[in-house]
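>>> this one's structure only:
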């Protein structure tokens, strides 16, 4: 019979006894994409606390339902915590969404979602998933448009949200490396933040992302 004392042991202590810190337990929940499929609210806000300050993305599910659902689940699960803004190209885009833990990146690499029809244009401050030329290739990477990139509309890039607060923070993100890290995404996925911090030490990061509304 389990003793009363054992029943009162805090969850955090149980995690430590099992050899897991709360942070590692959170990452463990990210290893199963099939479990993170909750439908998002019609509208919600995600706050990003970064190394340069805070910004907020306002997501509208009717713009791109599948993209909004994926983003909602990723933010809620902590996917965008300690994640680098690895592609910062002035007057074009800011891109992020490769997890700092290679095991998590591996779990999501093929967790594609179906394409959404493009209902909104890629206007300045609108937020969209990065994807390849293949259909249904969206996973976890997103970008923020820093100008009117409406030429992306015909290529199937479907915005799902817009930056509603903190545009000055986004403009302050370090653009020292420009496109250089973009070609190293394979290394990022295999080696995680350890590779980025050694090779591109001045990148800015999303420290924590959370649903605020």
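Arrived safely, thanks for sending. What you see is a predicted model; the values in this text were computed from it and never measured. Residues are numbered from 1 along each chain as shown.
>>> what sits against residue 127?
57, 59, 142, 143, 144, 145, 159, 160, 161, 162, 163 (CB atoms under 8 Å, 6 or more residues apart in numbering). In short, each C-beta sits where N, CA and C put it, glycine included.
>>> Go again with 10 Å.
Residues in contact with residue 127 (CB atoms under 10 Å, 6 or more residues apart in numbering) are 46, 57-59, 63-64, 67, 71, 94, 142-145, 159-163.
>>> pLDDT weak spots in the chain?
By pLDDT under 70, the low-scoring segments of the chain are 1-28.
>>> can we see that at 90?
Within the chain, the stretches with pLDDT under 90 are 1-29, 213.
>>> Show me where this protein has its strands.
43-50, 53-60, 83-84, 87-89, 93-96, 126-129, 142-145, 159-165, 205-211 (DSSP state E).
>>> Tabulate these (JSON lines), appending distance to residue 106.
Formatted as JSON lines, these follow (distance: least, CB to CB, whole Å):
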{"stretch": "strand 43-50", "distance to residue 106": "24"}
{"stretch": "strand 53-60", "distance to residue 106": "26"}
{"stretch": "strand 83-84", "distance to residue 106": "15"}
{"stretch": "strand 87-89", "distance to residue 106": "21"}
{"stretch": "strand 93-96", "distance to residue 106": "18"}
{"stretch": "strand 126-129", "distance to residue 106": "19"}
{"stretch": "strand 142-145", "distance to residue 106": "19"}
{"stretch": "strand 159-165", "distance to residue 106": "25"}
{"stretch": "strand 205-211", "distance to residue 106": "20"}
